[in-house]
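Visitor: Kindly generate the corresponding structure for this input.
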Amino acid sequence: MNFRNGLDSLLRPEDSVLVLIDHQPYQLANVNSHEPQMVINNTVGLAKAAKAFGVPTILTTVIAERGGLLFPQITDVFPGQEVIDRTFINTWQDKKVVDVVKATGRKQLVIAGLWTEVCVAMPTIQALGEGWDVTVVTDASGAVSTEAHDLAIQRMIRAGANMMTWLAVAAEWQRDWARAESAAALTEVIIAHAGGSGIAYLWEQQLLNTPAPAKAG
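Guide: All right, here's what the predicted structure looks like:
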């Protein structure tokens, strides 16, 4: 196994490409590893972060005519962008998807999807075997059971994949708060999708903008 160590192993927005796989109604209906609303929230947060950092994002579904369209909360982040519909369960066997990814010229492949044990694991393992640097966003993915999710993660780790949560990915892309061009956009994503962290930020701003009480007498 090649261990991920050192500064060069961290994600960089200029080298990353995000692939969101099969966030569709049929798959979500049997997600039992995570609370479904959390999966939607985290995936949209990840998508918005990618857009804020200029990370190319590929949207793909499998037989959408039967499984349902990609969640509108995701497509709303990328209005007008084509959603690539496949017949292959394994996204990495679909030439159109792979060609679009390769056309970005980037080698840090970031993947999230439903289900973890099927539609995430298969492309991850294949892409790793082809030399890609693959990161799986575990909390923007979900499986039919906790066991299925955990076993899939173990399997992908053994194959050499990197595991992260969506907020950790966003923080790694930002890396330095002095990067003002993305910091403001990321802050808006955190407010909308990072739960307590977003609320705490708003509270901090409230306190900073509250005049100190006048001294008595």
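Visitor: how much space is there between residue 159 and residue 145?
Guide: 21 Å (CB to CB, to the nearest Å). (C-beta placed from N, C-alpha, C; glycine too.)
Visitor: Please, where are all the strands along this protein?
Guide: Residue ranges of the strands in the chain, as given by DSSP state E, are 16-21, 57-62, 83-86, 108-113, 133-137, 162-164.
Visitor: What mean pLDDT does the last one get?
Guide: When you say that, I think you mean strand 162-164. For strand 162-164, the mean per-residue pLDDT is 98.
Visitor: try the fifth one
Guide: Taken as a whole, strand 133-137 has a mean pLDDT of 98.
Visitor: Spatially nearest residue to residue 46 (excluding sequence neighbours)?
Guide: residue 166 (4.1 Å; CB to CB, 6 or more residues apart in numbering).
Visitor: Would you confirm that the one you found contacts residue 47?
Guide: No: judged on CB atoms under 8 Å, residue 166 makes no contact with residue 47 at a distance of 9.2 Å.
Visitor: so what's the spatially closest residue to residue 64 that is not a sequence neighbour up against?
Guide: Distances taken as CB to CB, 6+ apart place residue 85 nearest to residue 64, at 4.9 Å, with adjacent residues excluded. When contacts are counted by CB atoms under 8 Å, 6 or more residues apart in numbering, residue 85 touches 60-64.
Visitor: Equivalent analysis for residue 137, please.
Guide: Shown in contact with residue 137 (CB under 8 Å, 6+ apart): 42, 46, 110-112, 164-166, 169.
Visitor: May I have the residues that are in contact with the residue nearest to residue 46?
Guide: Residue 166 neighbours (CB under 8 Å, 6+ apart): 42-43, 45-46, 49, 112, 137, 139-140.
Visitor: Go through those and say which is closest to residue 29.
Guide: Closest approach between those and residue 29, by CB to CB: residue 43, at 15.6 Å.
Visitor: lowest confidence element among the helices and strands of this structure?
Guide: helix 196-208 (a mean of 87; mean pLDDT, DSSP states H and E).
Visitor: Does that helix pack against any helices or strands, and if so which?
Guide: Judged by 3 or more CB pairs under 8 Å, 6 or more residues apart in numbering; DSSP states H and E, helix 196-208 is in contact with helix 180-193.
Visitor: Need the residues that contact the helix it packs on.
Guide: Helix 180-193 has contacts (CB under 8 Å, 6+ apart) with 13, 41-42, 44-45, 48-49, 52-53, 167, 170, 173-174, 177, 197-198, 201-202.
Visitor: re the thing from before, look up how far residue 133 lies from the residue nearest to residue 46.
Guide: 18 Å.
Visitor: And the pLDDT for the residue positioned nearest the centre of the chain?
Guide: Nearest residue to the geometric centre of the chain (CA atoms, centre = their mean): residue 46, 4.2 Å. We note a pLDDT of 98 for residue 46 in this prediction.
Visitor: what does the one 4 residues further on give?
Guide: In the predicted model, residue 50 carries a pLDDT score of 98.
Visitor: How far off centre is the longest helix anywhere in the chain?
Guide: Looking across the chain with DSSP state H, the single longest helix is helix 36-52. In terms of CA atoms, centre = their mean, to the nearest Å, the gap separating the centre of helix 36-52 from the centre of its chain is 6 Å.
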